[in-house]
Structures are given as C-alpha cells and as structure tokens.
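>>> Would you be able to build a 3D model of this:
(chains A and B)
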Amino acid sequence: MHEKEKDLIRAWQRGLLDRRELIRGLGAMGVTAASAGVLVNMMQTQALAADFDWKRHAGKGVKLLLNKHPYTDAMIANLDNFKALTGMNVAYDVFPEDVYFDKVTAALSSRSSEYDAFMTGAYMTWTYGPAGWIFDHNEWIHDPAKTNPNYNWEDMLEGVRKSCAWNGRPGGALGSPDAKQWCIPWGYEQNNLTYNAEMFARAGASVPKDLDQLIETAVQVQKANPGVYGIGVRGSRSWATIHPGFLSAYANLGERDLNVSADGKLSAAMNTPGSKAFHAKWVRMIQEAGAPDWSTHTWYQVGTDLGAGKSAMIYDADILGYFMNGGGNAMAGKLAYAPFAASGNGAPTPNIWIWSLAMSRFSKDPDAAWYFVQWASGPEHGLFGATKMDFVNPVRASVWADAGFRERLSKNYPGYVEMHDVSAPGASIKFTAQPLFFDLTTEWAATLQKMVAREVPVDEGLDQLAESVNRQLKEAGLG
Amino acid sequence: MDHRSLLERWLRGIALALVVVFFMFPILWIVLMSLQTNETILRSPPSVVFTPTLQNYAALISGRLETEAGALDIAFMSNLMNSVILSVGSVALALVLGVPAAYAFARHRFRGSEDIAFTLLSFRFAPPLLVLLPLTLYFQDLGLADTYFGLIWVYQLICLPLILWIVRGYFEDISPDIELAYRIAGHSWWATFRRIALPLAGPGIAAAGLLAFIFAWNNFIFALVLASADKQPVTVGALAFVTASGIQYGQIAAAVVLSIAPTLALALWAQRYLVEGLSLGAVKG
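Next up, the predicted model:
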C-alpha cells in the first residue's frame, strides 16, 4: 500500500478525519470502496497490535457457545481479523434461540469445560453468578497486562455497563461500587415505539406522548385500518412478557417490581395504587386494541405481525422494529421509530435486554478466552458490526457517535438514531436483581393474562399476585 | 353384494372424506407452505392461490438461503444426516441387544428376571433431564461427549425398553412346542432361535423397530445437551429458522416435509408388517 493511503487512514484513526472524509479521500486516490474497507480493517488490526501483546496466546484455541443472532453473524464475519491479530483459533457452536439457554444451563450446571465463553443475557447472570458458574470480569477489565489499552471500558454506555454488574445480594443495586461484572455488554435493545407511518397517516394520528395517548392512538389507528390491530405487545405466559414495553412504561411511571427494606428484605410492590392504575390502563389497551390472540404473543408474533402489516405499532424492542423494516417483510420501508415515556415527561426510561459475553468459570484458559471477549466487545469490532452488519444496538458511545453509522441508520430507519439518543440516558434494567426473577415475572405474566381475559379484576389480581410473591420471597429467605 | 342404500353409501363416503380431510389437512397445509415465500405465507388475509416456488427446498439442500435481508447459512441437511445416523444406529443396536434379551425374558424364568425387565422398562419413564446432567459429567470423563457412539448409547434409553418389551410379548405368543420340536430334531438353541423364533416374531420385531425408530427420530433433548452443534438432529436443526430477525416459515415447512419423509417412507414400506405385527400380539390363543 502506498504511504499516502496509509497516512490518510492513520489520520482517520487519530480522529482528524471522519469516515466520510476518509472514504472520499481514498476514492480520490483511486481506491475502490471494497478495497478501502479491507485497507481500513488491516490498518486497524495493525494499530491494535502495536500497543499490546495480542500474540501472547498464539496457537491456543477457544470454544464459544453462541445464539443464532445477527450479533453472532457479525462476529463470525469479522473473525478472521481476530485470528490474524492473535494467532489464536476459535471454534464455536451456534444454537437456535429457542433452545439456546437450555444448552447454556446444561453446560454450566454440569461444569463442562467444553466452552470458554458464551452469550448470555444480564438477567441470566443473576442465576449463573451466585452459582459460581461465571467469573467477575473486573479481574480482567482492570488488569493492563490482560486488557489492551484501547479497550476503553468507560466507552460502554453507563446504563448498559452497570446493568451487567451486581453485588450478588438480593435487591442490591445494579452497578453499585461493590458489584461484580458478571458479563460484558455486546449489543442491547431498548423498548420504544415502532409504528407504521402509512397506517398512522391514514388515521391522521400522531406519535403518542404518554400512556393515555398510546391507548387512544392504538384505538384510533385500529379503526382507520380495517383488519389491523392497534398495538403489538407480548402476552405469553413468560417472564419475557413483562420485561419489554410493559416494564418500561411501568418504571417510567415511578413504579417498582419489589420493595427493598433497609435490612435488605424484599416484598412485592405490584399492588400499590399507582401500579393498579397502570395495570388497569395496560389491560384496557390490550382488550381494545391488542392482538386478538395476544396471550400467545412472544417476540416472534409481535415482530411478524408488524412486518406483515397486521399491527399498526409495537411497544417492544427497538431492534425488533429495525429487523421488521427490512428483508422480505411486506411493510419494509414503511416503519418509523419514536421514543416513549409513559408519564409524558419526555424522558423515556426503557428497560433493556443486553446480549452479553461471559467467560465460563470452567474454562481451562480464561486468560485466552478474555482475549476473544475483549476483541469482540471492543470498539473496532463494534464499529465494524454496526456499519457493515446488523450489529444494532451497539453498546459503545463511540460507535453511536460515528457519523457513518448514524447516517446509515437515519437513511433507512427514520427516527431510530434520535430515538436512541433521547432514551439512552435513561436506559437500564429496571427489575430488582434477585434469584427468583424468572419465577416471579412468569407469575406476573400469568396474572396479566387472567386480567385481560377478565377472569379476575385488576385490583384483586394484583393483591393475589403480591400475596403469592411475598410468600415465595419468604420461603426463599428473601422476604 | 353391497346391501346398503345409495343414501347410506353417499353419507358413508362423505363421512370418510371428512375424516381424511381432517387428518390430512395439517400435512397438506405444511406442503403448501413449503412451496411459498415468507411474504406470501404472511400476507393478510391468507390465500391458497400463489405461485409455487422450490426455493425453500433448494435453500435447504444447497445449505444457503439468499434473501433480501442477506444470506443465511443452513445446516439442515447435516442435521438430517445426523438424525439418520442416530436413529438407524440406535435402533440397530437396540435390536441386536433387545431381541435376544426379549427372547430370554420370554422363554427362561430365572432369579430376578422380572426385576431386570422392569428396571429396563423404567429407563423409558425416567425424565431425561434427570439423567442427562450426571451423564454429561461421565461422558466427559469417558471421552464419549460429542460423539455419535455416545449418543447412540444414550438413545438406548428410548429404544431398548421399547423393543425389549414389545418383542417379548411376541415371543411369548409363539408356542414353545414348535421350538421344542425343532430342538428334539437335534438342533441347537441358537439354531432354534435363529430359524424358528426369529422368523415367527419377524412382524413384531419390525413393528417394534419402526416404533423405536420414530421415537428416536423425534428425540430432541439428548443430542442438545450431550453434543455440539454439528451433531444435532433435525428436531433441533428445524429451530434454526426461528431467528431474532424473523421466522422463516417457508423453510420450516420444507424442513418438516423433508424430515417426515424418511419416517413416512419407512412406515409405508413396513405397513404390512406393522399391522400384522400389532394385531399378532393383541389376541391370546
């Protein structure tokens, strides 16, 4: 490569040029876009190698357990760079999401040394961490001998980073000073609105600004679009029904799932007057403008119906709306995005799901595994995935600041970048960390189903739920 | 000569047609779905009028699906091959071990014979997850984890009790006098077993083998826990089309059609033996 091209790429790496200027400059030198990508990647790999002994574990291998996901596809597409950088081998097993966590749990609970690192959600680490199945990654993050100087841990969005850290005490605040970093954020989802702009225009509807408007708008759009229901939210008897739009709106109204007393005891907080008022509205929204088969709806049905034009909007993961705006979906190109604060204060506080990486405590060589984890969660791979693949949402501020990435998103996903910018400061996990998380939230979803089906009045249902939750917490020694 | 009235025959024909439609409709619907793109399948309202395409089958067989959203690598054919290896291997091993054992349990009463037979039967009722975690540890120590041999061994929890108990019933239904007559003619125990007992119990063995094959083919959890992604059967592989970015309904339907084809072909081929075999053990003489 000529020195001029090298100098140009070095200038970009030092932040003297933005990505557009770099591409324009390389173009002027006769470098094609494809060649420019290769050159930039190569130069970045060289730059990474210059500051850190990436070859320390050369010749070793790590094995990963991965979920079939666009994040995984992005990593695999860039894996040759990691191999070239470190001289390490990487093997991986990719399993479908439906069975993925069964595989992880089986591997960890049997203390299998087969996998060195794996994908996980932050909620799962509330089980894996106290069980001693995963490491506190702080040991590696803050060790300059093991972590490259460009890793820039503080570049990870604060709410996301802290949501993956817990001190292990039931009710302990996420990200507290004594928290253990059970996993490393990789990609994440905020829960906001994705809506069908055409259907909204047909109804003369504007984007709702609070919970009351959300219900009214859902009903209005439903009436104006025959055969379409107003709003898609999850409804299956699963913890996953509670964590997206439902908990995001609930938390934004100042409600909590559990109370934590001064002596660390937990108790149900779902039957407060505020919570009952929220539940009543949410139930009415589903009854009046939700899917007719709402109680079976998971991530897949919520997304599929939006993509197929069967629903006018969803209050769910933003990346679900992102995926439905492309590919072979009938509504591709017609979807738009908006942040949502149920209280109407304009400051969304979405609950989040974080796909993370964690190292197994049964790994035979965690130091080598950490080399992979720090590369995969590093800024270079984050930028590659975000600009070349579907690695959204990135967890690093530097990637969100990249002009090329923002431009790419804004071009095809109207309102997505603005939505993220507005809601990222308030985005974090809103649940109380405790080991009964999955049991209690599944029961919460079951109660919600009964309320929507009019089997139990909202007030009575929440009182029964709180009683049951309190009993379970006491039995587990937590309440 | 048919003495039924015309009306009765008509009503009978309509009733039979309704039953056939009721049972065949899901299969027909899946076949139709397998010939459509995702967009056609998901259109609202649904329609049975569409331009058929073989792209789902082509994608499964070639291992690569090109969509507007990008390319998707598909390992379905290797999943199908894994199912064949695991099911055929485990049924073959179960027949080799189970048929002589069934004969022994049917013909020879010995101390603890019933206890052993019931212990083997109890394997069938053990919740898989109860045994899988300890097995994972043993398999790692023994080097059996993530091997076809190890999986075929574990599949005996499904196949062996089934074959042993079904075939035992058939052997018990065959009169011992026939075998004794052959033995008196100077033939060995092994020759009697091979030339008399086995052929007479043939339909029963075929029926038991087929049932064991279907159960093994449908198994999901053993390979999921004990093996890597490259040794997963179709039951796990078909789930790969359910992804975060959408469900590939067309591929799922095509995968279902391809995955039921071997079992269906085997069942059709063995139908005669199956009916004969099942009815043979049902009537006591």
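>>> Could you list the contact residues of chain A toward chain B?
For chain A, the contact set with chain B under CB under 8 Å from any CB of the partner chain comprises A:68-70, A:93-99, A:102-103, A:106, A:109-114, A:227, A:299-300, A:303-304, A:307-310, A:319-320, A:323-324, A:326-330, A:332, A:390. Just so you know, the C-beta spots here come from the backbone N, C-alpha and C atoms, and that holds for glycine as well.
>>> redo that, cut-off 7 Å
Contacts of chain A with chain B, taken as CB under 7 Å from any CB of the partner chain, map to A:68-70, A:93-99, A:102-103, A:106, A:109-110, A:112, A:227, A:300, A:303-304, A:307-310, A:323, A:326-328, A:330.
>>> Report the buried members of the residues you listed.
Buried members of the residues of chain A next to chain B, scored by 16 or more other CB atoms under 10 Å in any protein chain shown, are A:68-70, A:93-99, A:103, A:106, A:110, A:112, A:300, A:303-304, A:307-310, A:323, A:326-328, A:330.
>>> can you tell me which of those are in strands?
Using DSSP state E, the subset of these located in strands is A:93-95.
>>> Please identify which of the residues you listed is nearest to chain B.
Nearest to chain B, judged by CB to the nearest CB, of those is residue A:93 at 4.0 Å.
>>> give me the beta-bridge partners of the closest one?
As for beta bridges, residue A:93 partners with residue A:65 under DSSP bridges.
>>> was I right about residue A:176 contacting residue A:169?
No - counting by CB atoms under 7 Å, residue A:176 sits too far from residue A:169 to count as a contact (8.9 Å).
>>> how about low-confidence regions in chain A?
For chain A, the stretches flagged by pLDDT under 70 are A:1-50.
>>> what about the strands in it?
Using DSSP E, strands in chain A cover A:61-67, A:89-95, A:117-121, A:165-166, A:180-181, A:184-196, A:258-260, A:266-268, A:313-317, A:335-338, A:352-359.
>>> Which secondary structure elements does the fifth one sit against?
Helices and strands touching strand A:180-181, as assessed by 3 or more CB pairs under 7 Å, 6 or more residues apart in numbering or on different chains; DSSP states H and E, comprise helix A:138-141, strand A:165-166.
>>> got those as CSV, with mean neighbour count columns?
As requested, those are exported to CSV (neighbours: other CB atoms under 10 Å in any protein chain shown):
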stretch, mean neighbour count
helix A:138-141, 17
strand A:165-166, 26
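>>> Nearest to residue A:264 among these would be which one?
Smallest distance to residue A:264 across these (CB to CB): 13.8 Å, for strand A:165-166.
>>> Against which helices or strands is the closest one packed?
Using 3+ CB pairs under 7 Å, 6+ apart, strand A:165-166 is in contact with strand A:180-181.
>>> With the flanking residues excluded, which residue is spatially nearest to residue B:54?
Excluding its sequence neighbours, the residue lying closest to residue B:54 (CB to CB, 6 or more residues apart in numbering or on different chains) is residue B:35, at 7.2 Å.
>>> and if you look at residue A:424?
Closest residue in space to residue A:424, ignoring its immediate chain neighbours: residue A:157 at 6.1 Å, by CB to CB, 6+ apart.
>>> quick one: contacts for the one you found?
For residue A:157, the contacting residues are A:395, A:397, A:424, by CB atoms under 7 Å, 6 or more residues apart in numbering or on different chains.
>>> which stretch of helix or strand covers residue B:114?
helix B:113-125 (DSSP states H and E).
>>> Residue B:267 touches residue B:210, doesn't it?
Yes - Residue B:267 is within contact range of residue B:210, at 6.5 Å (criterion: CB under 7 Å).
>>> what about those two, which has more around it?
residue B:210 (20 against 15; other CB atoms under 10 Å in any protein chain shown).
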